[in-house]
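J.: got a sequence here, can you model it:
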Amino acid sequence: MRSARHETSASNTSLQDGAELRIIELYESLQGEGPFCCRRSVFLRLAGCNLRCPFCDTPQALSMEEGEPVKAEELVERVRESSREAGMLVVTGGEPLIQRAALNRFIELLWSRSPYMDVQVETNGTLPAPSLGEILFEAFFVVSPKNLPVSVQGARLHDSWLRFAKLTRRAWFKFLVRGESDVGLVERWVEQQEVPRELVYLMPLTLRGWGVDRLLEVHRRVARLAVDKGFNFSPRMHLLLELP
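T.: Numbers count the residues shown, from 1 in each chain. A predicted model of the protein is given here:
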């Protein structure tokens, strides 16, 4: 949970600077993945991505031009109106950190009005982690590398995420896996990089159009591997339950 120190940090800089974000959608649902799975959240999907994953399930968010331009102050009010007292905002994409400067200003303004709302950002980890003193430094991050065990052109995990995760314990690595050979690659990476296993999640790699039976089969397989190898497991609950 966020602490009261964020109230002070949020009030120390100018908030009325006209920052603008390009957004795809804003909605309320349950977080279906990662360390905050099942938590009621407001989801903010931002436009623009620096990768082209063949298994992408949100192609509508790839292009910045597809996004609606919204001023940070207006977006804060939309989030507050949509939240119905939900305690978490999940910022996803696309790749949210493409809009890093405006995102920092938006979160600063949000925390000045809702200082105890948690913010979780989904990222592919190709762009640098937040620096100490940056507003985003206080957020939670779920980093989903696209160069291991999957291989997407141009995807390379920025080294700063390893330092950020180990220092803050506010970032988790979520790997898309299909079976035992994929998990073996993750195991080697964890050992080489000396990443605590408590910061690592295995999540099934699924494709659009799969039915519930096929989704359950791959979930069972990956969950068993997670238990056997000592990793956390992340479902894709929104797919299994047909949630937004």
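
J.: show me what contacts F140?
T.: With contact set as C-beta atoms under 8 Å, 6 or more residues apart in numbering, F140 has these partners: 35-36, 118-121, 170-171. Backbone N, C-alpha and C define where each C-beta goes, glycine included.

J.: what's the distance between it and C53?
T.: As for F140, its distance to C53 is 22 Å (criterion: C-beta to C-beta, to the nearest Å).

J.: what of L132?
T.: Going from L132 to C53 by C-beta to C-beta gives 31 Å.

J.: compare neighbour counts for those two and give me the winner.
T.: C53 (18 against 8; other C-beta atoms under 10 Å).

J.: isn't that one right next to V152, touching?
T.: Yes. C53 is within contact range of V152, at 5.0 Å (criterion: C-beta atoms under 8 Å).

J.: if I look at the two, which residues touch both of them?
T.: Residues touching both C53 and V152 by C-beta under 8 Å, 6+ apart: K146.

J.: which parts of the chain are helices?
T.: Counting by DSSP state H, the segments of the chain that form helices are 5-10, 72-83, 100-113, 160-168, 180-193, 212-229, 237-240.

J.: what helices or strands is the third one leaning on?
T.: Spelled out, it's helix 100-113. The contact analysis (3 or more C-beta pairs under 8 Å, 6 or more residues apart in numbering; DSSP states H and E) places helix 100-113 against helix 5-10, strand 20-30, helix 72-83, strand 118-123.

J.: where does pLDDT dip in the protein?
T.: Filtered on pLDDT under 70, the chain yields the residue ranges 1-17.

J.: list the buried residues in stretch 172-192.
T.: By 16 or more other C-beta atoms under 10 Å, the buried positions in stretch 172-192 come out as 172-177, 182-183, 186, 189-190.

J.: hmm, back to that, give me whichever of the helices and strands packed on helix 100-113 is most buried.
T.: A comparison of the helices and strands packed on helix 100-113 by mean neighbour count, using mean count of other C-beta atoms under 10 Å, puts strand 118-123 on top with a mean of 22.
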